[in-house]
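K.L.:
my questions are about this predicted structure, shown below with the sequence.
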Amino acid sequence: MQQFTVPQFIDVEDKVIGPITVRQFIIIMAAGALIAICWKLFYFNTFLVVALLIIFITIVVAFAKVNGVHFHIFFINFLITMFKSNVRVWNNSFGKESLRIETEKVAPSEKNKLPEKSFNSSRLTELSLIVDTQGVFRGGVGAIDSTPTFTKEVHYRDN
């Protein structure tokens, strides 16, 4: 059987220039281009304020991580969470028209209808006893008239 080496650190980004990765390098280059544009557009005092703001944002976006996630991905997820609806409502009306059309096509005939089951009070009492005893009392034909095999003794303490 042929042996293959499995990469160990697949989540570590490749370093391009010293400790700077490709992603960080592209962010820094974009910020440098933006600062160069600001140099041509603004007066010097305005340029300094805008350039310092751009440098601060660039450092945060390029180098900061929040819970191990790059800041720009965290920020995008934050924006999606803030502007997306938190309430999810099930749209029950979807497909009702097609369901109504199908049910009208397949209308059951009178002879194919199942008889409705009706329970008398003794059967309901038997079922409630089965539920109350958590299945210990099995029930059966004439089980209500006979004494159940399971009895639960309740002792009250006098105060």
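P.N.:
Great, that's in hand.
K.L.:
the helix or strand containing V16 pairs with which strands, parallel or anti?
P.N.:
Using DSSP states H and E, V16 maps to strand 15-17. Here strand 15-17 has these sheet partners by DSSP bridges: strand 20-21 (antiparallel).
K.L.:
tell me the first helix or strand C-terminal of the strand it pairs with.
P.N.:
The helix or strand immediately downstream of strand 20-21 is helix 22-41, counting by DSSP H and E.
K.L.:
list the buried residues of that next one.
P.N.:
24, 27-28, 31, 35, 38 (16 or more other CB atoms under 10 Å). (Glycine included, C-beta is placed from N, CA and C.)
K.L.:
can you list those in JSON lines and add pLDDT and distance to L48?
P.N.:
Formatted as JSON lines, the buried residues of helix 22-41 follow (pLDDT from 0 to 100; distance: CB to CB, whole Å):
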{"residue": "Q24", "pLDDT": "92", "distance to L48": "24"}
{"residue": "I27", "pLDDT": "94", "distance to L48": "21"}
{"residue": "I28", "pLDDT": "95", "distance to L48": "19"}
{"residue": "A31", "pLDDT": "97", "distance to L48": "15"}
{"residue": "I35", "pLDDT": "96", "distance to L48": "11"}
{"residue": "C38", "pLDDT": "95", "distance to L48": "10"}
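K.L.:
tell me which of these is nearest to N67?
P.N.:
Lowest distance from N67 to the buried residues of helix 22-41 (CB to CB) belongs to Q24, with 18.7 Å.
K.L.:
chain neighbours aside, what residue packs nearest to that closest one?
P.N.:
In this structure, Q24 finds its nearest non-sequential neighbour in A62, 4.4 Å apart by CB to CB, 6 or more residues apart in numbering.
K.L.:
tell me which element that neighbour is part of?
P.N.:
Per DSSP H and E: helix 44-63 holds A62.
K.L.:
which residues does that helix contact?
P.N.:
23-24, 27-28, 31, 34-35, 38-39, 42, 71-72, 75 (CB atoms under 8 Å, 6 or more residues apart in numbering).
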